[in-house]
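Peer 1: Quick one, what's the 3D model for this:
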Amino acid sequence: MTTTALSDTLLQEVAAWTAEDPDPATRQRVDALVSAAITGDSTAAAELTDAFSGRLPLSTAGLRGALGPGPNRMNRVIVGQAAAGLARYLLDHGLAGGTVIIGYDARHNSDVFASDTAEIMAGAGFRAMLTDRPMPTPVVAFGIGHFSCVAGVVVTASHNPAQDNGYKIYLGDGLQIVPPADAEIAARISTMAEHSLSDVPRAQSYVSIGDELQAAYLARVASLVPADAPRDLSWVYTPLHGVGGSLVSQAIASTGFDAASVVTEQAEPDPEFPTVRFPNPEEPGTIDLALAQAARIGADLVIANDPDADRCAVAVPVGGRWRMLHGDELGALLADDALQRGVQGTFACSIVSSSLLSEMAAAYGQPFVSTLTGFKWIGRVPGLVFGYEEALGYSVDPAAVPDKDGISALVRVLTLAARLRSHGSTLADRLDEIARRYGVHETDQLAIRVNDIAVIRDAMTRLRAKPPQKLIGDPVNVTDMLKGFEQLPPTDGVRIVGGAFTVTIRPSGTEPKLKCYLEARLPRDISAELPAARAKAHQMLHNLRSEITTELGLSSSYA
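Peer 2: Model (predicted):
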């Protein structure tokens, strides 16, 4: 490559960006990329072009992307503009002087992005509260209500790979932004990006918080465990190199359970996540260290949080082997526990979750609502008392945290497992009882990770242009959810329903993945023979996976 391959426009954008960037590390990185590209390094040229092509979009999931220089990456310029845009939005909505809480995880630059946000919020006249340490996302979400905040920000990329970071925006309801707020905030961010970041007022007058917030959150979590509840349980825990470990330890001490056997290699926060390929409990192999430790010590169960501790994964021994529960299985267990305890109110899950929850709620005469994917929707359900999504997200105490909360869910799981153990039963046994009552509802997911997002776009286009007429031999009804679905807002997804199965296909909102959610259902009249019924359902899921892969026109190399 020659110097002419880098256009004058691109070089001008790079120069303008560098003049704005307060971070010497990203300035040096962009200089190195330019130098390498000029000398013929095509990889450097491609990275530079991508970093300055477009802008990292603000969605209802906030900002999330790879760290690095340029408007299409996570860096101090993007974060500064986002904070300034959010401040402008809040001011325009008459919230001047309100409290804004800012938290962060232990990823690279999270603390820097958070302090930049606190300074900009303080400079805009808000009472900015910055956590004095890396903090689990649900604790900060709890703080929004506890401190009567008008907004909250958490700097985290949750379970994304190590090279990523993100920026979650919450409003005063304790929930992440949804339309039209996301578009309104994005417009104000774009306006702020037209001006110099050095002109944005900053102040050091923000408040540092930590102990008070944690104490209030822990008191609330402790209230979820009855004083007379059994507590005899052996368990293994891993925070997956994230920020949940310390607070989980304190929560367990405050609730009276025996301390967990913690996976030492994953106990401390580490932004490199050295023992896992992806720090997501859903990914195969991620909790293998915890499973091996549980087998060595003969534990009753394994619990894992993702790195920002808003998700909860559970594994149990079944038939002499350890198995991680699907998100729908844990959702059914927690919902059944709430219903049996007489919890009154609305139960909700996302459209890509199992249909089982609707049947369970109906059996107890409780309302049920199905929502679009994400707790930004689930948490908004009026009268919500329990909500979940199959991606290991659970809200067991929405009055305190209407977002997913992996720590309070963990405590509820321990309470349930210990109670069952006291009666000589297990979580696996309880799942069998649920299947006998409601029928078999087996779920699975086909997640196709790609390097080029166009692969996903093309696959969805092909699916819409030529949807299947049959799957596994059964006629199907196909719904394009971009046109609306069951009174829900339009969303990018396709739903395929057969007599005994449902398939929902959608692009991930946070990762370069195409997700296919599969459910196979068998009625109660055959569920007495559970092993055979489950084997039949699993074969249905296997066949669905194979046929859906073909329908999408994707080779197995993507999966």
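
Peer 1: going forward, measure contacts between C-alpha atoms and count neighbours the same way
Peer 2: OK.

Peer 1: List the residue ranges of the stretch 51-200 of the chain that fall below the pLDDT cut-off.
Peer 2: The stretch 51-200 of the chain contains no residues with pLDDT under 70.

Peer 1: all strands in it, in order from the N-terminus.
Peer 2: Along the stretch 51-200 of the chain, counting by DSSP state E, counting those that start in this stretch, strands occupy 63-66, 99-104, 127-131, 151-155, 164-171.

Peer 1: Tell me which of those strands sits nearest to Lys466.
Peer 2: strand 63-66 (32.3 Å; C-alpha to C-alpha).

Peer 1: burial of Gly342, as a residue count?
Peer 2: Per other C-alpha atoms under 10 Å, the neighbour tally for Gly342 reads 10.

Peer 1: what about it, which SS state?
Peer 2: Applying DSSP: H, G, I helix; E, B strand; the rest coil to Gly342 yields a three-state assignment of coil.

Peer 1: how near is it to Val385?
Peer 2: Gly342 is 11 Å from Val385, where distance means C-alpha to C-alpha, to the nearest Å.

Peer 1: Mind listing the shared neighbours of these two?
Peer 2: Common neighbours of Gly342 and Val385, counting by C-alpha atoms under 8 Å, 6 or more residues apart in numbering, are absent.

Peer 1: before we move on, back to that, output the strands of the stretch 51-200 of the chain as TSV; include the columns mean neighbour count.
Peer 2: Compiled in TSV, the strands of the stretch 51-200 of the chain are given as follows (neighbours: other C-alpha atoms under 10 Å):
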stretch	mean neighbour count
strand 63-66	22
strand 99-104	29
strand 127-131	25
strand 151-155	28
strand 164-171	25
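
Peer 1: Dump these to CSV, plus distance to Gln445.
Peer 2: Below are the strands of the stretch 51-200 of the chain laid out as CSV (distance: least, C-alpha to C-alpha, whole Å):
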stretch, distance to Gln445
strand 63-66, 23
strand 99-104, 30
strand 127-131, 36
strand 151-155, 28
strand 164-171, 24
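
Peer 1: Mind checking the ones you listed for the one nearest to Tyr364?
Peer 2: Tyr364 lies closest to strand 164-171 among the strands of the stretch 51-200 of the chain, at 33.1 Å (C-alpha to C-alpha).

Peer 1: That closest one vs strand 151-155, what angle?
Peer 2: Strand 164-171 and strand 151-155 are oriented at 170 degrees to each other (axes from the mean of the first three to the mean of the last three C-alpha atoms, to 10 degrees).

Peer 1: which residue sits closest to the most centrally placed residue in the chain in space, ignoring its chain neighbours?
Peer 2: Nearest to the mean C-alpha position of the chain, counting by C-alpha atoms, centre = their mean, stands Ser158 at 6.2 Å. Leaving aside its sequence neighbours, Ser158 sits nearest to Asp308 (C-alpha to C-alpha, 6 or more residues apart in numbering; 5.2 Å).

Peer 1: try Val413
Peer 2: Once flanking residues are discounted, Val413 sits nearest to Leu334: 7.2 Å by C-alpha to C-alpha, 6+ apart.

Peer 1: Mind giving me the packing neighbours of whatever helix or strand the one you found lives in?
Peer 2: Using DSSP states H and E, Leu334 sits within helix 327-340. Applying 3 or more C-alpha pairs under 8 Å, 6 or more residues apart in numbering; DSSP states H and E, we find helix 327-340 packed against helix 356-363, strand 384-389, helix 406-422, helix 427-438.

Peer 1: ok, and which of those has the densest surroundings?
Peer 2: Comparing those by mean neighbour count (mean count of other C-alpha atoms under 10 Å), strand 384-389 ranks first with a mean of 26.

Peer 1: Quick check: mean pLDDT of it?
Peer 2: Per-residue pLDDT over strand 384-389 has a mean of 98.

Peer 1: before we move on, what about stretch 298-312?
Peer 2: pLDDT averaged over stretch 298-312 gives 97.

Peer 1: Would you mind measuring the gap between the ends of that stretch?
Peer 2: 21 Å.

Peer 1: rewinding a little: for the residue nearest to Val413, grab the count of nearby residues.
Peer 2: 22.

Peer 1: What of Gln12?
Peer 2: Close neighbours of Gln12, defined as other C-alpha under 10 Å, add up to 11.
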